[in-house]
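# how would this look folded up:
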Amino acid sequence: MIASFDHRMVMLCNPKTATTSIEAALQDHFEVKVSKSPKWKHMTYFRVRDKFGDTFDRAGCDYVTVVRDPIDTLNSWYRYRSRDKLANSDKSTAGIGFEQFVREWSDRSSNRASVRTSVEFCFQGDTLAPGLFWHYEALPDLADWISERVGVPIGLPRLNVSQKKDAGFDRDALMKLPRVQSCYQLFEKIPAKRT
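Predicted structure coming up:
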């Protein structure tokens, strides 16, 4: 999470939605940066309210979050967890296909698939966090919006990009999994800007 009282904005760093790039672009323009560990960097709106109370609300800050298609988010997690650094870890996806990873995520049967989609980041139960939401595909438009808000051009560098990996899969089969269906139902409830 990064925030600016001057620009009245809290950027909630939703995993697998270019948050490292956004953080890098805004670090010189925002006075509050909470990112020593993923636990703190990726605080949801609800956790921010729990830890900071209504501090940002009283300052008139908008909460801004990027959301990404659930299967695309899972594919990014799958690729991220296939890297060599995790080869001997129970979080490694090396040696399994993407469809297996999603099935394990859907039935919560393995540590390697214990991840949260960008959609789940935005909800607590059935309650959607308040704020301004942007689709991942609209990142250039978000950069323009932030630039206008901050008053200087903001470019988003490409950082922390997961390695490319052939992950051919049957999307229709995955869409039949109960947790995937539930995630897409929530995804449709998020009023995110596409452009």
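# quick one: the helices in this structure?
Taking DSSP state H, the helices of the chain run over residues 19-26, 38-41, 45-52, 55-58, 70-80, 98-107, 118-121, 139-150, 171-174, 178-187.
# Any idea how far the third one is from the middle of the chain?
Translated: helix 45-52. Centroid separation for helix 45-52 versus its chain: 17 Å, with Cα atoms, centre = their mean, to the nearest Å.
# and what of the longest one?
In terms of Cα atoms, centre = their mean, the gap separating the centre of helix 139-150 from the centre of its chain is 18 Å.
# ditto for stretch 110-118
For stretch 110-118, the distance from its own C-alpha centre to the chain's C-alpha centre is 13 Å (Cα atoms, centre = their mean).
# swap in stretch 64-83?
Its chain's average C-alpha position is 7 Å from that of stretch 64-83, according to Cα atoms, centre = their mean.
# Report the buried residues of it.
For stretch 64-83, burial by neighbour count (16 or more other Cβ atoms under 10 Å) applies to 64-71, 73-82. (C-beta placed from N, C-alpha, C; glycine too.)
# quick revisit: which of the helices of the chain has the highest mean neighbour count?
With neighbours taken as mean count of other Cβ atoms under 10 Å, the helices of the chain reach their highest mean count in helix 118-121, at a mean of 24.
# now for it, which elements pack on it?
Judged by 3 or more Cβ pairs under 8 Å, 6 or more residues apart in numbering; DSSP states H and E, the packing partners of helix 118-121 are strand 62-67, helix 70-80, helix 178-187.
# mind putting the ones you listed in CSV, mean pLDDT and distance to H29 included?
Putting the helices and strands packed on helix 118-121 into CSV (pLDDT from 0 to 100; distance: least, Cβ to Cβ, whole Å) gives the following:
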stretch, mean pLDDT, distance to H29
strand 62-67, 96, 13
helix 70-80, 94, 26
helix 178-187, 96, 30
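# could you dump the helices of the chain to JSON lines with distance to R8?
Formatted as JSON lines, the helices of the chain follow (distance: least, Cβ to Cβ, whole Å):
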{"stretch": "helix 19-26", "distance to R8": "13"}
{"stretch": "helix 38-41", "distance to R8": "21"}
{"stretch": "helix 45-52", "distance to R8": "15"}
{"stretch": "helix 55-58", "distance to R8": "9"}
{"stretch": "helix 70-80", "distance to R8": "28"}
{"stretch": "helix 98-107", "distance to R8": "36"}
{"stretch": "helix 118-121", "distance to R8": "22"}
{"stretch": "helix 139-150", "distance to R8": "8"}
{"stretch": "helix 171-174", "distance to R8": "40"}
{"stretch": "helix 178-187", "distance to R8": "27"}
